[in-house]
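Asks: need a 3D model of the sequence below.
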Amino acid sequence: MLNLAVLQYPLFFLIMARMAGFIGASPLFSMTAVPRTVKIGLVVFLALWVLPTVQAKVPSPFQQTGLYVGLLVLELVTGLFMGFIATSIFSILNLAGQIIDVQIGFASAELFNPESSFVTGLSGTFFNMIFTLFFLGADGLDGLALTGMDSYKLIPLGQFHLPQTFGLAFEQLMDLITADAVQVAAPVLVALLLTNVTFALLSKAVPQMNVYFSGLPIQLFIGLSVFAASVPAFVSIFHVLFTFLFGQVTAFMQLTG
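Replies: Residues are numbered from 1 along each chain as shown. Reported below is the predicted structural model:
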């Protein structure tokens, strides 16, 4: 395998560029908690694994330097795009967690997460931890690796492009992500909505009652109770999200290849 990589080093570096972009932008792998040596080793391993399956005519890096560099950048962009689509779908749980935190009253408890480099709340962190365990248990890392390897069947080397329908397809994906996030948070949202309606009626019936100070502890208790009761149902939700992630990545690879 190493001898083949040395003999076909121009093709090997192009494959490494796509794998590096995909690993660097994909969920879980992109976390800073994953050591760089692990990421580099995984990129090299995947490139060596994919190399015998890719048959493409590659320009010489010395005689056609500009063309080769352009192809190298295009492959890197291809990998980054694939990882971005997977990470966007993974962000459904963060969005659902933020919706729940705002309704329960945990919005002020948001903290900067150094692993993902953005602000996350308590519910979003919990969702990510549980889904990460489910993802690892369901061989999600193998699925991501195989997706990167099979990408050459859908997006041949140097054939990545954005069609005219890409904007519409991406808009539909964002709509699906938002709708799925609301569905994940729906049990807590409905319970808190009914709680707010109840307190609104009480404020009319008993004007002397301080709804704000009396309602916050009750709203927090109801929200956490419904959230805890909904945890067993998250397993089925995670299964659907798991399938949806790989399905959308494959669909966008078909669209751009």
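
Asks: which parts of stretch 231-251 are buried?
Replies: 234, 237-238, 241-242, 245-246, 248-250 (16 or more other CB atoms under 10 Å). (C-beta placed from N, C-alpha, C; glycine too.)

Asks: contacts for that stretch?
Replies: Contacts to stretch 231-251, defined as CB atoms under 8 Å, 6 or more residues apart in numbering, come from residues 82, 85-86, 89-90, 92-93, 127, 130-131, 134-135, 138, 140, 143, 147, 154, 169, 173, 176, 180, 184, 187.

Asks: need the buried ones from those selected in PyMOL.
Replies: Per 16+ other CB under 10 Å, the buried members of the contacts of stretch 231-251 correspond to this PyMOL selection:
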select buried, resi 82+85+86+89+90+92+93+127+131+134+135+140+143+147+154+173+180+184+187
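
Asks: nearest residue to Tyr68 other than its sequence neighbours?
Replies: Excluding its sequence neighbours, the residue lying closest to Tyr68 (CB to CB, 6 or more residues apart in numbering) is Pro61, at 4.4 Å.

Asks: quick check, that neighbour in a strand?
Replies: No. Looking at Pro61 with DSSP: H, G, I helix; E, B strand; the rest coil, it is coil, so not inside a strand.

Asks: hmm, it is touching Phe12, no?
Replies: No. Contact criterion CB atoms under 8 Å: Pro61 and Phe12 do not qualify, at 11.2 Å.

Asks: the two: which is more packed in?
Replies: Counted by other CB atoms under 10 Å, Pro61 and Phe12 do not tie: Phe12 has more neighbours, with 21 against 16.

Asks: secondary structure element for the more buried one?
Replies: Secondary-structure assignment from DSSP states H and E places Phe12 in helix 9-25.
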